[in-house]
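> Let me see the structure of the following:
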Amino acid sequence: MSGEEEENAAELKIVEVALILEHKYELLQQMSDDPMNQLCVLGNLCPETVEEAIAMVPSIKTKGWAHDDDAIEKMLNDLTLMKKFE
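This is a model prediction of the structure:
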């Protein structure tokens, strides 16, 4: 391959990656409405406060189960307790 062909090939790969990432982002946005996915994200990210949980998964206040702060705090405590026993 010539230098120009390699450049064009690299650009094409970047475009392909961009399209894949855009698609993944759209899928994650759709999944954020699902309460089980919200719980999984919180379980993986391990926020320590309600404010952190809402910042990481804003839809937890508005979509899915639409928890109030007390319910989110209880959920975080339950997740922390489960992690201790892993």
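
> quick one: low-confidence parts of the chain?
Residue ranges of the chain with pLDDT under 70: 1-12, 27-33, 64-66, 86.

> ok, 80 please
Low-confidence segments of the chain (pLDDT under 80): 1-13, 17-18, 20-21, 24-37, 62-67, 85-86.

> where do the helices sit along it?
3-31, 35-45, 50-56, 59-62, 69-84 (DSSP state H).

> Can I get those in TSV including mean neighbour count?
The way it works is simple: take the backbone N, C-alpha and C, and place the C-beta from them, glycine included. Below are the helices of the chain laid out as TSV (neighbours: other C-beta atoms under 10 Å):
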stretch	mean neighbour count
helix 3-31	10
helix 35-45	15
helix 50-56	16
helix 59-62	17
helix 69-84	13
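
> Nearest spatial neighbour of Leu76, chain-adjacent residues omitted?
Counting by C-beta to C-beta, 6 or more residues apart in numbering, Leu76 lies nearest to Ala53, which is 6.1 Å off, once chain neighbours are set aside.

> residues in contact with the one you found?
By C-beta atoms under 8 Å, 6 or more residues apart in numbering, the contact list for Ala53 reads Leu42, Pro47, Ile60, Ile72, Met75, Leu76.

> now do Leu42
Going by C-beta under 8 Å, 6+ apart, Leu42 touches Ala53, Met56, Val57, Ile60, Met75, Leu76, Leu79.

> Mind doing that once more with 6 Å?
By C-beta atoms under 6 Å, 6 or more residues apart in numbering, the contact set of Leu42 is Ala53.

> now it: how far from Lys63?
14 Å (C-beta to C-beta, to the nearest Å).

> Could you check how far the residue nearest to Leu76 is from Pro35?
Here Ala53 is placed at a distance of 13 Å from Pro35 (C-beta to C-beta).
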